[in-house]
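1. I'd like to go over a predicted model; first the sequence, then the structure.
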Amino acid sequence: MDFLKKHYDKILLAMAFVLVIISGFILVRKVNNLSERLNQPDAVIASPKKADYLPLDTRKYVNALGAVQHPSVWVSSATDLFRADTNPDRVISNKPIAYLRLEQLPFDLLFKAYSWDAAKEKAFNLQISLRDLKRTYFVTGVGDEVKDQFGDTGYKISKFERKVQNVFNPSVGHNMEADNSELTLERAGEDTILLELGKVRLRTESVATIVCQEDPQNEIQLRRNQSIICPSNTYIIVDMNDKQMVIKNLNTGKEDIIEKFHGITVPGGAVAAPITVSPRGGTQVPFGGEVPVVPGGVSRSKGPVHPG
């Protein structure tokens with residue numbers, strides 16, 4: 001026992017050394033065995049484990065959603081919208097633009113702010129935001145149109161009424177000024193719109209879907225007073241209804257009426273069996289914006305286009 005106590009550390013060190021030597025031999029042996037297996041020509045490589053499930057093909061669902069969002073256009077082919085056939089009953093359009101459909105889409109109006117001249121008791125610098133409320137129009141005063149160098153909304157401020165009163169605010173314990181001023185917007189052919197300061201007013205507006213002759217696969221949505229380059233002339237949408245639209249060539253000043261497309265007719269007045277052609281997009285055009293359309297299906301903006 002005295003011997004073990006005196007040489008305890010040395011004995012442990014010797015045992016550890018022996019274990020290290022044994023582990024080294026075992027490791028060298030395993031490495032050699034692995035090298036021999038890899039060098040054998042008929043070595044079997046384990047195949048990767050198969051996934052427990054197969055990836056889901058989502059293309060049919062994406063296509064279905066796309067068809068719902070952008071319904072197919074009932075034409076025999078996109079180019080047939082403008083093809084001058086020898087049969088006059090099959091001539092769809094000899095216009096630069098084809099009018100496909102009309103929708104009523106929601107948009108927002110907001111009377112955002114104004115300045116007040118107390119001496120003249122007159123409002124000026126009225127701020128109005130449209131649609132996504134990211135674009136603001138600055139209007140000089142009552143009677144002026146809501147437009148700027150980038151676009152014309154077609155609206156005009158016809159009336160302003162300042163409504164300011166002191167209202168007790170319990171959170172601060174005293175009266176505070178509350179401004180509920182109102183302005184009235186009007187646009188030709190529509191009812192007037194009353195806007196209260198700081199309150200969003202939801203409306204609907206007419207939006208036409210068209211295609212340009214040089215790029216009939218690219219659907220574009222336009223509103224009144226919006227313009228499009230198609231491609232050598234610039235056209236503005238003057239008016240639209242469920243049957244036709246009026247466009248104006250800004251290069252020549254000439255107005256033209258485009259009938260809404262209702263399908264292809266064949267001799268005898270029957271509607272030919274159509275082949276559906278899914279549109280590429282339904283391009284959204286900012287209010288008052290301009291979307292030039294060029295051959296090859298490329299749409300590019302000309303100058304600054306601001307959402308409104």
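-> Everything's here; your move. Residues are numbered from 1 along each chain as shown.

2. Going along the chain, name the helices of the chain.
-> Using DSSP state H, the helices of the chain run over residues 2-6, 8-39, 59-69.

3. Point out where the stretch 151-300 of the chain drops to low pLDDT.
-> 263-300 (pLDDT under 70).

4. any idea how the protein splits into domains?
-> Following automatic domain parsing, one finds the domains of the chain at 73-103+206-299, 106-203.

5. any idea which of those is most buried?
-> Of all the domains of the chain, domain 73-103+206-299 carries the top mean neighbour count, a mean of 17, counting by mean count of other C-beta atoms under 10 Å. C-beta here means a position set from N, CA and C on the backbone, and glycine is covered the same way.

6. Need the CA coordinates for stretch 173-183. CSV is fine.
-> Taking C-alpha atoms only, stretch 173-183 is exported to CSV below (Å, rounded to 0.1, in the frame of the first residue of the first chain):
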residue,chain,number,x,y,z
GLY,A,173,-58.2,68.8,-19.2
HIS,A,174,-59.0,71.8,-21.3
ASN,A,175,-60.5,73.0,-24.6
MET,A,176,-58.7,72.3,-27.9
GLU,A,177,-59.4,73.5,-31.4
ALA,A,178,-61.0,70.9,-33.6
ASP,A,179,-61.0,71.5,-37.3
ASN,A,180,-63.7,69.7,-39.3
SER,A,181,-63.4,71.9,-42.4
GLU,A,182,-65.0,70.5,-45.6
LEU,A,183,-64.3,70.9,-49.3
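
7. Now tell me what touches that stretch from outside.
-> 111, 114, 123, 126, 142, 157, 159-169, 194-198 (C-beta atoms under 8 Å, 6 or more residues apart in numbering).

8. go with 6 Å
-> The contact list for stretch 173-183, computed with C-beta atoms under 6 Å, 6 or more residues apart in numbering, reads 111, 157, 160-169, 194-197.

9. show me where the stretch 51-200 of the chain has strands.
-> Secondary structure of the stretch 51-200 of the chain by DSSP state E, counting those that start in this stretch: the strands cover 73-75, 97-117, 122-131, 135-139, 145-148, 151-161, 164-169, 174-179, 182-186, 193-196, 200-212.

10. quick check: mean pLDDT across the shortest one?
-> Strand 73-75 carries an average pLDDT of 41.

11. Over to the fourth one?
-> Confidence over strand 135-139, taken as the mean pLDDT, stands at 90.

12. Let me know which of the strands of the stretch 51-200 of the chain is the nearest to Leu34.
-> Among these, strand 73-75 comes nearest to Leu34, with 65.7 Å by C-beta to C-beta.

13. Show me the two of the contacts of stretch 173-183 that sit farthest apart.
-> Ile157 and Phe168 (32.1 Å).

14. In the stretch 1-150 of the chain, where is pLDDT below threshold?
-> Residues of the stretch 1-150 of the chain that meet the cut-off, pLDDT under 70, sit at 1-6, 37-93, 132-133.

15. rerun that using 50 as the cut-off
-> Within the stretch 1-150 of the chain, the stretches with pLDDT under 50 are 43-46, 72-79, 84-86, 89-91.

16. Please name the bridge partners of the nearest residue to Asp239 once chain neighbours are set aside.
-> Closest residue to Asp239 apart from its sequence neighbours, by C-beta to C-beta, 6 or more residues apart in numbering: Val246 at 4.5 Å. With DSSP bridges as the criterion, Val246 is bridged to Asp239, Ile257.

17. What residues does Val246 make contact with?
-> 238-239, 255, 257.

18. Same check on Lys159?
-> Here Lys159 is in contact with Thr184 (C-beta under 6 Å, 6+ apart).

19. try 10 Å this time
-> Going by C-beta atoms under 10 Å, 6 or more residues apart in numbering, Lys159 touches 142-143, 182-186, 192, 194.

20. closest to Lys134 among these?
-> Of those, the one sitting nearest to Lys134 (C-beta to C-beta) turns out to be Leu185, at 18.7 Å.

21. I figured that closest one was touching Asp144, is that so?
-> No: under the criterion of C-beta atoms under 10 Å, Leu185 makes no contact with Asp144, lying 11.4 Å away.

22. what residues do those two have in common as contacts?
-> Between them, Leu185 and Asp144 share the contacting residues 156-157, judged by C-beta under 10 Å, 6+ apart.

23. how far away is Leu34 from Val20?
-> Using C-beta to C-beta, to the nearest Å, Leu34 is found at 21 Å from Val20.

24. what do you get for Met245?
-> 91 Å.

25. now swap in Ala118 and tell me
-> On the measure of C-beta to C-beta, Ala118 and Val20 end up 96 Å apart.
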